[in-house]
Each structure stands twice: as C-alpha cells, then as structure tokens.
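Undergrad: Next comes the sequence, and after it the predicted model I'd like to discuss.
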Amino acid sequence: MTLNPLLPFLMAGDPSLEALPGLLAEARALGLDAVEVGLPHSDPIADGPVLQAAAHRAIGRGATPRRVLESLAGLTDSPDLILFTYVNPLLQLGLDPLLRLLEPTPVRSLLVVDLPFGEEPGFEAELRAAGYPMVPLLAPTTTSDRAKALLGQRPDPGPGAPFAQRFAYVVARLGVTGAGQGTDLDPVVARVRDLQGITARPLAVGFGLSDPASLRAVRALGATPVIGSALVADLTTGRPIKACLEARLV
Amino acid sequence: MTLNPLLPFLMAGDPSLEALPGLLAEARALGLDAVEVGLPHSDPIADGPVLQAAAHRAIGRGATPRRVLESLAGLTDSPDLILFTYVNPLLQLGLDPLLRLLEPTPVRSLLVVDLPFGEEPGFEAELRAAGYPMVPLLAPTTTSDRAKALLGQRPDPGPGAPFAQRFAYVVARLGVTGAGQGTDLDPVVARVRDLQGITARPLAVGFGLSDPASLRAVRALGATPVIGSALVADLTTGRPIKACLEARLV
Amino acid sequence: YAPETLMQPLLDLEAAFRAALDDPGFQAELKAELRHFVGRPTPLTPAPRLAAKLGLKALYLKREDLAHTGAHKINNALAQALLARRMGRTEIIAETGAGQHGVATAAACARLGLRCTVYMGVTDMARQAPNVARMRLFGATVRPVEAGQGTLKEAVNEALRAWAGHCTEAHYILGSALGPHPFPTLVRSFQTVIGEEARAQVFEQAGALPEAVVACAGGGSNGLGLLIPFAGDGLRRMAVEAGGHGRALGEHAARLDGGRMGVLHGCRTLLLQDEHGHTAETASVSAGLDYPALGPELAALVLDGKVEVRRASDDEALAAARLLCETEGILPALESSHALALLPALAAEGAATVLLGLSGRGDKDLSTYQSRLEL
Amino acid sequence: YAPETLMQPLLDLEAAFRAALDDPGFQAELKAELRHFVGRPTPLTPAPRLAAKLGLKALYLKREDLAHTGAHKINNALAQALLARRMGRTEIIAETGAGQHGVATAAACARLGLRCTVYMGVTDMARQAPNVARMRLFGATVRPVEAGQGTLKEAVNEALRAWAGHCTEAHYILGSALGPHPFPTLVRSFQTVIGEEARAQVFEQAGALPEAVVACAGGGSNGLGLLIPFAGDGLRRMAVEAGGHGRALGEHAARLDGGRMGVLHGCRTLLLQDEHGHTAETASVSAGLDYPALGPELAALVLDGKVEVRRASDDEALAAARLLCETEGILPALESSHALALLPALAAEGAATVLLGLSGRGDKDLSTYQSRLEL
C-alpha cells in the first residue's frame, strides 16, 4: 500500500451541503484515498474555534445529520469517507436508521471523538459488523499499555481493507483541533515512532498541523498528516480546494 | 402675675443675626414677657424639619453659639430670653466663657432639650447659681411621679422671679417640634390640668400648636402656648413678625 | 464519553480520588477546612412563619446559603482543590453558570495557593456580574465564553477544551454532578455532607424525619447532596427543575418531561435536545438551573422512581423567594427559590413536615429580584 | 442626654432588658435563634497564607461575615427584636449606615413578624444600594434621610426623631454601641458573643491565647463585642478607626486623635466636632466606619489605656482587602479591611499571633472595590 499523503477534513454543510460532492471529487482527483467529513454538532467539545464556528454555520444552514448523510448518498467519484462525529447524534438517529443512511454513501468508518471503547459496546459492535469500524484515537496522554489495548479493541481489519478502515488517529498534541500555535513536532515524532513499534497499521497524525514543513515531517515518518482547521479556514475565504490541497501536498 | 399670652420661638441667625434684636423688640412691643431663642445646632434631634432647616441655614450664615450670644449683648428693649439649645455647644464653650457671654444678654434661663436632670449636675448647679436655671420639660411619656421629681429638681424660684425662670415646658405631643398635624388637644388638656394640680408655677405648652384655636385652648387652661416652627416658617416667607404674632394673640 | 486526550487524566483522577478517600490525612484536612473555613455544619433553620402561611406543620431549611461564598458549591470546590493539590497540580480550571461555583473555586484556589481560570458564558457574566467581580478579587482569571447562549453549557464546553490542553498540569474542578466519570461521583461524594448534616439536625430538632425532602436541581450537585443521605428512610425525595416561562422546548430547563436520554459533556443522561441530537436551548430566570441535562446519577434515581421531579416556573420561584424573605428574613438564591416554589403543592398533597435545601443566598440575584418584583 | 420624651421609654427599656437577661426563657430563645437562624457559632478560620505573607506566626479570623445577613449586626438586631416582642412592641425603628444593621434588623423583623422602618442617609443608600434592595425584600420600609452628609449620623438623628413620635408602640433597635443609655449596654451585651466564642475557639485551635486581638471600630459594636471578653487576659486589644484620605478634620473618622469629649445622640464620648460643638463632617471609603463618635464604653476603655486605637487609611484598607482575597479566598467588608490594614504594623512591632475580627463580608462593597482597585 502506498502512503496516503494527506487526510483532509471537511465540515459537512460549510460552506454548503451542495458544495460537498464537488469538493470530495476534487480531493479524489488529486489522488487522495480518504477524506474526513465532519458531522456538525452543537457542542463540539474536542474542537477549536475554527471547527466550532464551521459547525455552527452548517447547523444554521440546516446541515442535520440526516441531511448530511443523504447528501453523500450515491456519490461515485468520492474518496473513502471517515465520518467524524460526536456520539449523541448517532444515538439519537438510532442504529438501524443510521445504517440505512450510511449504506448508499462512501463512508467507510466512523471517528467518534467522545466515544471511548466500551461505552456503547453493542452499538459499536453492530456498526463494525456492518462495515463501519470506529477509528482508534491515540492521544499524548495515552500510555503505551493503553495504546496497545485500544488498538486491540478496535483492530486493524488487515491489508485488504482500505486506509479509512485501517488507520489509527494519532492526536499530535494536547488540546483541541486547530491550526498549530508553533507546535513542537519532537514529541509527536517520538510517539509515532513508538507506535510504529507497536502496530503495523497506517497512522494519521492530526491536531495542530498546517504548515508544509510539519506535513512533510509527518510524511517522512511514513504517516499521513491530517489537515483540518486550516483547510476549513482556507475554504471559508473562497479559495478553491484544489489549490488548498496542492499547496499541502508538496 | 398676668398670663403671658404667647411664648414665641425664634431661631437665632435665621434669617440673620442682625435681624434678631429688631424681632425681639417687636415682640416686646406686643407685650410679650419672654421669647425662646434657639441656638442653631448641627444635630437637632428633637426638632422637626422646619427648625432643622432653619438651624442649618443659620449655621451656614455663621451663627455660631458665641456670635449668637454676642449679638444679644446689651439689648435694652428685649423680652426675657430663654436660650433653647442642645447641650454639646454649651459644654464646648465651657462654663466660664458661657457665663461671660450670657452676662450682658437678656437671657434668663436655659432650655436644654437633651440634658435630663442629673447628667451634668455640677454644670447645671453653677448655671443656676449664676441666675440661669434650666427649664423643666414634661413630656407625654413623663409619668406623674417623674413630673413631680423633675419639678423638684428644677424648682420654681417663686413669684418674685420672671416667667422665663419659673415656667415648666409641657411637651404637647410625642415627636419633635413642628406645626401640628391636626393634633388632638384632649390629651394635653388633661395633662395640663393634672400638672396644675401638682404645681402652681406657670406652664408653657408647645410642640405642634400653631392654629389660633389650639392657642386659645391652651390659654383657656391658664397656660402659655408656644409658637415655634409655624412662626419660623412664617418669618421665612418675609412676613413681618408683628403680623405673625398678632394673628396668634387673638 | 470523553475524548481520548482526557481518558488517562480521568483515570488518574479516579485513582487519586479513591486514594484520598482512604487517606485519613486527607479526610482530616478536608474536615478541618469545612469546619473552620467553610463554616460547616451549616444551620438547619426551622421556618415556623412560612410553614404556617403554607399550611405545613413544620418546615426546616438547610442553610447552605450560610456556607462561605454563599452556596453549597464550596463543599465540592474546596474538596477538589485539596485533591488537586494532593495530586501535585498547580493550576485549576473551572466552569461556572450562576457564578457560585466559580466564586467557590476561586476562593478555594486563593486559600490553597493554586492558579485559577474560570470559564463563564457572556450572558451569565452580565446577569451575575457581582460574582465576576468576586472571582477577580480572589485572583482568578475569568474567561468569557461567547458561543451559543453564553451560559453554563458553553462554559463547560470551553472548560473541557481548556483542560484537554493543560491536563498534565491542571485539574478541572467541575461544579455539578455531571461530566465524564468520575466527576459525577466526586461531586456527589463531596456534597452529601449537606444531607448527612441535615438528617442528623432534623432528628435533633424535630425528633423525627420529615415526610418530604426537597431540593432544586440544575446539574444535581445540590439535589444529590441533600437527597442521597435520606435514601433508606422511606420518605419523599423531590427535585425541582426550572420550568422557565413556558412548556415548549427552549422555554424551560425541565429535563424530566422535556428531555430524553442522550450524551452531553461526557455523560449519558436525560437531555434537552432536538431530534438531531443537538443540545436544545433552555430558559430560566435562574442562571444556575438552566443546564440542559440532569446529572446522570440523579436522572437514574428519577427514572428508577426513587426521586420525584417537579418543575417550578420563573414566576412561581420569584413569588416563593419574596414569601420567604417576608416571613423568615432569609433571601434565597433564585435556584433555591425553585425548591421553595414546590411547597404550596406539597402542602396541598398533604405533606405536613418538610425539609428543604436552601442551596445558596440571593445576593447575587438582587438585580433580578428588583426588576422582576418591582422593588 | 436624651430628650424628656424618650426618658421613660429608655427607663422602660432598661428594665425590660434586665428582666430578659434574668429570664432563662428569653436566654434559651435567643440562644436557639442565634444557633439555628444566625448560624452561631461562626467559625474561627486560621489564615496561614496571609500570616506568612505578613510575617506573623499565626493569624485567626473570627468570621462574622458568615453570620446570617453577612455581618455581626444580626446578633444585636435579633436579640433586640426578641426583646421588643417580649415588651409587646409591634413596630421597629432602626437607623443604618453601611446597611448591614438595617438588613439585619429587617431580617429579624421578618423572622419575628414585626413591622420595620429603617432610616438611611441618601449617600449611604447610593453607595450601599444592594442593602437597600435586601431590606425592601424583607418587607422593611426604607426612609431616605437627605440632611447633612446623608450618612449614619443623620440617619440616627432621624431615627431618634421617629422614635420620639412612636415610642409607645415602637422599639428603636440601635445598631451600634452608642446612643442614650441603655443602648450602649444593650448592644455591647448582645455582641460579646463574638469574643466569647472567639476566645474559646482560639484556645481550642492554638492551645493558647494570641498576643493581640484586633477589630475595626465605627460606633464600636463589633469592637466591644470582640474585645471585651479578652479583658482579663493581659493581651493587646486594638481597635482600628477610619483614617480616610487625610489628617484634617473632615477627611477621616479617627476620633481618638481628632476628636474631643462631647455629647452626640444621647451619649458623652469622643466626638469629631468643630470649636462650636457642631458635629464635624467625616470621610471614609467605608460607610460603616464614618460615624463621628466612638461609642462611650469603647472610648472609656481607650482613654483608660485598656484598648489601643489606631487608624487605617482608605488606601491601606483597600490594599488589605485585596491581600486577604488573594491569599485566603475571603472577601472582607470595607469595615473589616481597616482591621486587616493594621496587621503589617503589628507584625513590625513584633506581634507573632493575632486574632482579628472579620465583622462582615464585602459583597456590599463590590462596586467600591471594583472602582478603587480597578478590577
């Protein structure tokens, strides 16, 4: 498997749900295997100001969970999607409606930021069985033992599965999503190397990465950098996604 | 001794110290034996709004106790004066300076509203010996036994002495000085009759009396009505004292 | 239901909490501070004139309004600050709604020499301005939170975010019995002193337990603190929510008949939300009762039928406050006034003896009382 | 030194007071109310961080700020209200300066079902507006007094006048240890509970008495209340007056080195006055300390060398308040801050252990703290 060079994050519904398919097609055209799509939530406790504002704009424009998933149905030229969300909207939809909504979409996995393994075991197991595994998150505060356990609880489906279903998400720094305030990369480099000694699955590295140097440093480790808040902020200015992504692919 | 038909009260220094001798001369010309002259005080706790305001105006115009007494020195056509005052200004002057200031004036007695008998026994005795007895006050709350004691403690110097040194002051009602708010005369009439059974000395009746009917009712008892706040208020309007007093002598 | 970044800090906190509970040194330190600094035990005041007015035989008020800083919040804030110091933390993060928890935390931090940052919604900062001034006097930094309605929910969001950024050196002192485990347990555990004292006091004064025990419930720290120790007593335990000014979603903060199970701020509980799982807006005259979720433990007790939940409207709470002022000379917080507002109904249902938790004093609510009661 | 109209009521009051003191029923009623309603005993709080900052070995704070309504004033107000009810009075008249005595009296009257009218200077009404609102919530009528500087002195004038008009049905609850006999005795007698508790508490906590006991002194109710019970102990007893913003007459309320003996409000004592015996104007950032006379009993103790009197300026008091806030998490009233302001000097004089009376809480002074400390 070749290295996925960038994992972009888009907030569904910002600037509009109608624009989302086009943005995804552009990402695919640039050769990206996967994109994170954020489900706008009222109380995004793991997100910094940029994604909070984007979520609240999207909610204001009617981007409900149901309508977001409906807008993704039947897309043929999309990368694999990782649905980035908080747990409550999924619980309120309920398992069966959620599965029916997911089925026609390119969503391949779920990244539920406030659902540690074990809090909703039945729900998580059903989703996994239906082809929607949960992405494991590994934070700076995650000890080595805990990392091993987490990776075991949300196992690698193996090389036959796409990146979106295999990768673990390495949280680069303490805090919330958002462009880095001069993030020191040394600690995350060390952590990625340690994790690569534990697991063979692909790693994505996010939170606070936006400058080309940081992205290159992640790639140099053989990991995939995530670009979220910086991309959302760029798109808000009206800059085309192609230009936004290309600048971060070098 | 004929009945003194009215005991007027004037606030020294209001409207001005310069006007005081003239006002006193007018009172004497009307045949009044005695006049109360108030020493303006900063905290007149027994006075209603009219006399408070008059005192504060007078203080503002420089009517200090010393200057008030100086302005009374050497008057030849004044009735006998009763110096109406609070105790602190007298204490601050001191006994000897006070006596020196009193000596050339027509002041014949002191009505110190916040000096019950016994609080400053030496001071009071020296003043009495020098010819300045304290006027006994008899309030609605003064019991018959207490009235007898008070009249004994500040005894009647006898028929040879002027009204100003002989009379006891009957407080007509509860509260502070000031024109009556429709004072019911029955209780004070009863009290005056009771007191006339205890003592033969002249009685003055004040607090809340201003209308001619009330004044006549007091006179009908053989007592002298005091006219204070109403007179001070009248003088403030610029009405001549002669007119003010004549209206209340009928 | 917490982000992974917070999972290890939460596990560490739970371990430290368990260890502290088992440490007689910690318990003695906490007890001494509660006694000498907070002023515990707070009194239990018989309220004979109010009882007579309402047709009750006897009414007892548990006086958390007399605790230092003016509300029950200090019990938990001080205990958690001691725990944080024991864990070697030097910084404290807190959220606040009405400001009472923020003031209590700022005071506890000043007392123990810890740096303190309090997140507070801009709406709450405006309506509880005196508490902002008090926090600043205690040396705390108050950070305004502009998002959403600018009330407690947003303040918790922002405090959780801040904690995720500083969880290695900072402790987060959550003030209500909510948030991710072990916070609800911590807060409840540090607040049950209210009910333990009240139970002993009412026994001493009345020689018997009351027929009903009543508390207001925002997150649930005061409600649980008072009600839990009466668990085995077979009496009515009642919690009163903010009925706001209407029955439609967004016009109140009554989670029992307006909410359904959901996840907010790391815990699964009764939550006011729309069909999409977005947290609903709330309304209450009381800044301390407008949280959209009931604490999970209280919700469980309610759903289990062990605690009754009622609602009191803004107007009912205001009227109840005035009545207590005029009959007993005690000025209750708007939160506590919601509990008081239940008394007429309780009397009508035949209750004769009631114990009620006065969670705080109403000084912070004076401007609301003045404008709403036209003083 | 009272008008004749008030002499018999004052004699009656003294007789009723003596009888009540001898009546175990009255004493039991008072004790129960002090415990269950007021929250006595108030705590004695060790203040180790402030002590260390000041170079003291130990500092203990007697926490009258935790008494119901937020200051020591309730001890006397409640006791006198009970006495009034015992005398068959149904109406209460009171004066107030900072508003704490007015609030306490309004609360006590609400508690006992007595009608209450409070006289308050217009200047004080403006700078202590929250206390005006609290009195009104408790059902009291607050009458503005426009005369003079619009502060406590004028309020006492007006209350005395009102009492003279209603002395057959009303009792006048004077709040400071001043006024005509027997008021100074009454007030002192109902306030010594402060020092009695503090003495026992400091013994319990420290195993010994402190080297100095410090209180602020306006009229003297708090000062006497704390200091009298330490009379036989051979320690330094200190009262702190308001130094205001200058040493000239009118710029402060320091009666010891600025005043001389005189009569005001029915008692002979140290008084700030001009050469004519007119009461002088005073100035203090604290509405509770700007009374121009020291209570007569405190003045006598001072002149006898038994109590030391010092002054603290507005600025010193404000700085001391901030320091207590930041080191111990306690917000003192501006009055109490004057006592705190003496501590650096006491430490410099070699005092190692100090007990200080925190007469009230600073919530009422928040707007002054905000503007003067630039929060």
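TA: Structure's in. What do you need?
Undergrad: need the contact list for C:L6.
TA: Counting by C-beta atoms under 8 Å, 6 or more residues apart in numbering or on different chains, C:L6 touches A:T141, C:L160, C:W163, C:A164, C:C167, C:P180, C:G266. Placement of C-beta: from N, CA and C, glycine included.
Undergrad: and those residues as a markdown table, adding secondary structure?
TA: Shown next, in a markdown table, are these (DSSP: H, G, I helix; E, B strand; the rest coil):
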| residue | secondary structure |
| --- | --- |
| A:T141 | coil |
| C:L160 | helix |
| C:W163 | helix |
| C:A164 | helix |
| C:C167 | coil |
| C:P180 | coil |
| C:G266 | coil |
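Undergrad: Which elements pack onto the longest strand seen in chain C?
TA: Secondary structure assigned by DSSP state E gives strand C:236-244 as the longest strand of chain C. Counting by 3 or more C-beta pairs under 8 Å, 6 or more residues apart in numbering or on different chains; DSSP states H and E, the packing neighbours recorded for strand C:236-244 are strand C:212-216, helix C:221-227, helix C:296-303, strand C:308-313, helix C:314-328, helix C:334-340.
Undergrad: Take those and lay them out in TSV including distance to D:A52, mean pLDDT and mean neighbour count.
TA: Shown next, in TSV, are the helices and strands packed on strand C:236-244 (distance: least, C-beta to C-beta, whole Å; pLDDT from 0 to 100; neighbours: other C-beta atoms under 10 Å in any protein chain shown):
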stretch	distance to D:A52	mean pLDDT	mean neighbour count
strand C:212-216	39	98	29
helix C:221-227	33	97	31
helix C:296-303	40	95	22
strand C:308-313	47	97	21
helix C:314-328	41	98	22
helix C:334-340	37	97	32
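Undergrad: Select, out of those, the one closest to D:A293.
TA: With C-beta to C-beta as the measure, helix C:314-328 is the member of those nearest D:A293 (33.2 Å).
Undergrad: who's in contact with the closest one?
TA: C:45, C:47, C:49-50, C:53, C:61, C:242-245, C:284-286, C:312, C:330-332, C:334, C:337-338, C:340-341, C:343, C:362, C:369, C:372-373, D:110-111, D:113, D:137-139.
Undergrad: right, and C:L272 touches C:A293 too?
TA: Yes - the criterion here is C-beta atoms under 8 Å, and C:L272 meets it with C:A293 at 7.3 Å.
Undergrad: Now do the SS call for the residue nearest to the spatial centre of chain A.
TA: Computing the C-alpha centroid of chain A and ranking residues by C-alpha atoms, centre = their mean puts A:E36 first, at 3.7 Å. Classification of A:E36 using three-state DSSP returns strand.
Undergrad: Identify the residues contacting it.
TA: A:L7, A:P8, A:F9, A:L10, A:L81, A:I82, A:L83, A:F84, A:L111, A:V226, A:G228.
Undergrad: quick one, the helix or strand where the fifth one lies and strand A:34-38 angle?
TA: When secondary structure is defined using DSSP states H and E, the element that contains A:L81 is strand A:80-85. On the basis of axes from the mean of the first three to the mean of the last three C-alpha atoms, to 10 degrees, strand A:80-85 is oriented at 20 degrees to strand A:34-38.
Undergrad: before we move on, the earlier item: what about the residue nearest to the centre of chain A, distance to A:V226?
TA: From A:E36 across to A:V226, the span is 7 Å (C-beta to C-beta, to the nearest Å).
Undergrad: Identify the contacts common to these two.
TA: Residues touching both A:E36 and A:V226 by C-beta under 8 Å, 6+ apart: A:L7, A:P8, A:F9.
Undergrad: Make sure the second one is actually in contact with A:V35.
TA: Yes - contact between A:P8 and A:V35 holds when scored by C-beta under 8 Å: they sit 5.3 Å apart.
Undergrad: Does C:E241 touch C:D257 like I think?
TA: No - taking contacts as C-beta under 8 Å, C:E241 lies outside contact range of C:D257: 9.0 Å.
Undergrad: Give me the more crowded residue out of the two.
TA: Legend: neighbour count by other C-beta atoms under 10 Å in any protein chain shown for C:E241 and C:D257, higher for C:E241 (27 against 12).
Undergrad: residue boundaries of the strands in chain A?
TA: So, for chain A - with DSSP E - the strands run A:7-11, A:34-38, A:80-85, A:107-112, A:137-138, A:168-171, A:203-206, A:224-227.
Undergrad: Tabulate those strands (TSV), appending distance to C:A147 and mean pLDDT.
TA: Below are these laid out as TSV (distance: least, C-beta to C-beta, whole Å; pLDDT from 0 to 100):
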stretch	distance to C:A147	mean pLDDT
strand A:7-11	16	97
strand A:34-38	17	98
strand A:80-85	19	98
strand A:107-112	22	98
strand A:137-138	24	97
strand A:168-171	22	96
strand A:203-206	22	96
strand A:224-227	24	96
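Undergrad: still on that earlier bit, show the buried residues in the contacts of C:L6.
TA: Burial by neighbour count, judged by 16 or more other C-beta atoms under 10 Å in any protein chain shown, picks out A:T141, C:L160, C:W163, C:A164, C:C167, C:P180, C:G266 from the contacts of C:L6.
Undergrad: Out of these, which two sit at the greatest distance?
TA: Every pair of these checked by C-beta to C-beta; the farthest is A:T141 and C:G266, at 15.1 Å.
Undergrad: buried sites along the helix or strand C:E197 falls within?
TA: Taking DSSP H and E as the definition, C:E197 sits inside helix C:193-206. Residues of helix C:193-206 classed as buried by neighbour count (16+ other C-beta under 10 Å): C:V193, C:I194, C:G195, C:E196, C:E197, C:A198, C:R199, C:Q201, C:V202, C:A206.
Undergrad: likewise stretch C:272-288?
TA: C:272-273, C:276-288.
Undergrad: try stretch C:344-352
TA: C:P344, C:L346, C:A347, C:A351.
Undergrad: repeat for stretch A:110-123
TA: Buried-residue list, stretch A:110-123, by 16+ other C-beta under 10 Å: A:L110, A:L111, A:V112, A:V113, A:D114, A:L115, A:P116, A:F117, A:E119, A:E120, A:F123.
Undergrad: Residue 78: neighbour count?
TA: Since no chain was named, I'll use chain A. 21.
Undergrad: looking at chain C here, not the other one
TA: Using other C-beta under 10 Å: C:L78 sits among 28 other residues.
Undergrad: out of the buried residues of helix C:193-206, who's nearest A:R100?
TA: C:G195 (47.7 Å).
Undergrad: I'd like to know how many residues surround the closest residue to chain D within chain A.
TA: Here the residue of chain A nearest chain D is A:P49; by C-beta to the nearest C-beta that distance is 26.8 Å. Using other C-beta under 10 Å, A:P49 has 16 other residues around it.
Undergrad: now swap in A:R193 and tell me
TA: For A:R193, using other C-beta under 10 Å, the count is 12.
Undergrad: which stretches of chain A have low pLDDT?
TA: Low-confidence segments of chain A (pLDDT under 70): A:1-2, A:179-183.
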